[in-house]
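J.: 3D, please:
(chains A and B)
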Amino acid sequence: MLYIPGNNPAMIQQAGVYGCDAVLLDLEDAVALNQKDAARILVRNMLKTVNFYDTEVCVRVNNFHTPFGLTDLEEIVPLQPDNIRFPKTETVADVKEFMKEVRRIEKEHGIKNPTMTIHVMIETAKGVANVYDIAAADPRIDAITIGGQDLTADMGIIKTPDGVGIDYARKRIVMAGKANDLDVLDTIFADVNDDEGLREETEYIKKIGFAGKALINPRQVDVVHDVFNPTENEVRKAYRVYSEFIKNKKAGIGVFAIDGKMVDAPVVQRAITVLEYAKIDLKEIEKNAG
Amino acid sequence: MTPKFKAQAGTFESSDIMILIEPLEKDSGRKVDISSTVILQFEEDIKKTINQVLDRLQVEGLHLIAKDKGALTQTIEARVETAVKRSLGIQEGTM
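T.: Purely as a prediction, here's the structure:
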């Protein structure tokens, strides 16, 4: 997910061609205090007119404990971007208050079947402590994300390249997300000139369960995709596992073996995840296996 | 409505437009000055877009100076709206 400052028209109008899976149009930390009004109006206009192609569009509004948050919601919610991000979420009460405003605005604009989902962002120690309850606070939450910069500031520590200071938070947030079937997204990597560091951090966060990473420069897109995209060998193996699973399922067999290794439900689930990352149509495999 | 304050919005970056609004005396109408990197092709379009926003917001009695760096229509609309609202004191920004 590529972060784009909400007051930068050049970047917003090109957002659909950077090749990332999602863009975040930022009205919060990437916008100076005296430009909040300008960014809000610009993002509103861009949402109405720019073709983002198949890139998912998320808007990060200001927390409504600031003077800007509620006005951001009034302008953005009626346009129903794919998602709206609620920064500095700390408690279930925060989510309830936020969702109450979102639903009120949708009702006032006659939006009966809202499609917009909610991303909650955990950026304080209090938020980390409450993350299990936050993740389950509303059915429209479909992703949870960690804000590493603000979290380290809140904890009074420096974010080091090894990420040791936020490691507990990362893992706790991943578990809370997984327990509630949410996508879990990692924080930014601030040094845009350090591709190797970005690759190492992305490999690590993939291993511990994150589904994606926040980016601050289009140059970072390829590195992150390279890490998250499964290799050809992984895709071939997953294809074979799922194909055999379908054949065996039809024969009433739940557990079987491939090359002497047991294949059970968790192995099949991992294969499905790989195939989904590779954007391979499961129905096609089912048809071929039949 | 008539602007109360001098106000500006936008930047000199590529694909953006800087709008400066100065209040004029009552019943002075509108004065719009445009400079643009694409003035030969799009002067009339830019002027039309600016006037449409001013009409929609019902603002008169102003001098608007636009310095365009190839902004799209939606960006021009956004920057004019922001500058007008700042000049009316509806919302705060720079100047």
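J.: and the nearest residue to A:P161 once chain neighbours are set aside, how far is that from A:P230?
T.: Distances taken as Cβ to Cβ, 6 or more residues apart in numbering or on different chains place A:G197 nearest to A:P161, at 5.8 Å, with adjacent residues excluded. For every residue, glycine as well, the C-beta is placed using N, CA and C. A:G197 sits 23 Å away from A:P230, going by Cβ to Cβ, to the nearest Å.
J.: backbone phi and psi for A:A257, please?
T.: phi -130, psi 140 (degrees, to the nearest 10).
J.: which strands and helices sit next to the longest helix along chain A?
T.: Using DSSP state H, we find that the single longest helix of chain A is helix A:232-250. On a contact count with 3 or more Cβ pairs under 8 Å, 6 or more residues apart in numbering or on different chains; DSSP states H and E, helix A:232-250 meets strand A:256-258, strand A:261-263, helix A:265-277, helix A:282-289.
J.: Highest mean neighbour count out of those?
T.: Comparing these by mean neighbour count (mean count of other Cβ atoms under 10 Å in any protein chain shown), helix A:265-277 comes out on top with a mean of 15.
J.: helices or strands next to that helix in the packing?
T.: Taking 3+ Cβ pairs under 8 Å, 6+ apart as the contact cut, helix A:265-277 packs with helix A:232-250, helix A:282-289.
J.: Need those helices in JSON lines (columns: mean pLDDT).
T.: Compiled in JSON lines, the helices and strands packed on helix A:265-277 are given as follows (pLDDT from 0 to 100):
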{"stretch": "helix A:232-250", "mean pLDDT": "93"}
{"stretch": "helix A:282-289", "mean pLDDT": "88"}
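J.: if you compare the ones you listed, which one is most tucked away?
T.: In terms of average neighbour count - mean count of other Cβ under 10 Å - the standout among these is helix A:232-250, at a mean of 16.
J.: got the angle between that one and helix A:265-277?
T.: Helix A:232-250 and helix A:265-277 are oriented at 130 degrees to each other (axes from the mean of the first three to the mean of the last three Cα atoms, to 10 degrees).
J.: and whatever residue of the stretch 151-290 of chain A ends up closest to chain B, how many neighbours?
T.: Per Cβ to the nearest Cβ, A:P218 is where the stretch 151-290 of chain A lies closest to chain B, at 15.3 Å. By other Cβ atoms under 10 Å in any protein chain shown, 17 other residues sit near A:P218.
J.: distance of it from A:G163?
T.: Using Cβ to Cβ, A:P218 is found at 23 Å from A:G163.
J.: before we move on, which element is B:V32 in?
T.: strand B:30-36 (DSSP states H and E).
J.: how much distance is there from the helix or strand that that strand is followed by to the middle of the chain?
T.: Tracing the chain past strand B:30-36, the next element assigned as helix or strand by DSSP H and E is helix B:39-56. Here helix B:39-56 shows a centroid-to-chain-centroid distance of 9 Å under the convention Cα atoms, centre = their mean, to the nearest Å.
J.: wait, doesn't A:K178 sit right on A:V184?
T.: Yes - if you go by Cβ atoms under 8 Å, A:K178 and A:V184 touch, sitting 7.0 Å apart.
J.: Need the overlap of contacts for these two.
T.: Each of A:G209 lies in contact with both A:K178 and A:V184 under the rule Cβ atoms under 8 Å, 6 or more residues apart in numbering or on different chains.
J.: And the two? Which one has more around it.
T.: Taking other Cβ under 10 Å, A:K178 and A:V184 do not tie; A:V184 has more neighbours (23 against 15).
J.: For the host helix or strand of that one, name the packing helices and strands.
T.: A:V184 belongs to strand A:183-186 when assigned by DSSP H and E. Contact here means 3+ Cβ pairs under 8 Å, 6+ apart; on that basis strand A:183-186 packs against strand A:141-146, helix A:167-179, helix A:195-207, strand A:212-213.
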